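Q: What follows is a predicted protein model with its sequence.
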Amino acid sequence: MEALLVGIVMYFIPALIALVRGHHNAFAIFLTNLIFGWTVIGWLVTLIWSVTASDRRVREA
């Protein structure tokens with residue numbers, strides 16, 4: 001059971017990184033990871049995409 005949980009977390013590492021970093025395309029990264037993450041290339045693409053520079057939106061008062 002633990003192995004299944006570890007596998008799921010490993011599968012969604014790119015989406016988790018994007019979410020934690022506040023990436024502006026976090027939802028798109030999640031969807032791409034969900035659909036194409038099972039391929040090695042799809043997983044690597046989403047991983048690279050999740051660690052690229054993200055625009056943090058700054059609220060102006």
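A: Sure, I can see it.

Q: what secondary structure does the spatially most central residue of the chain sit in?
A: Nearest to the mean C-alpha position of the chain, counting by C-alpha atoms, centre = their mean, stands Ala15 at 1.9 Å. The three-state assignment at Ala15 reads helix, by DSSP: H, G, I helix; E, B strand; the rest coil.

Q: before we move on, what SS does the nearest residue to it once chain neighbours are set aside have?
A: Leaving aside its chain neighbours, Ala15 sits nearest to Phe30 (4.2 Å; criterion: C-beta to C-beta, 6 or more residues apart in numbering). All C-beta atoms are positioned from the backbone trio N, CA, C, and that covers glycine. Recorded secondary structure, Phe30: helix (three-state DSSP).

Q: Do you have the helices of this protein handy? List them.
A: 2-11, 13-21, 26-36, 40-51 (DSSP state H).

Q: Just the buried positions in the longest one, please.
A: By 16 or more other C-beta atoms under 10 Å, the buried positions in helix 40-51 come out as Gly42, Trp43, Val45, Thr46, Leu47, Trp49, Ser50.

Q: Rounded mean pLDDT for that helix, please.
A: Mean pLDDT, helix 40-51: 95.
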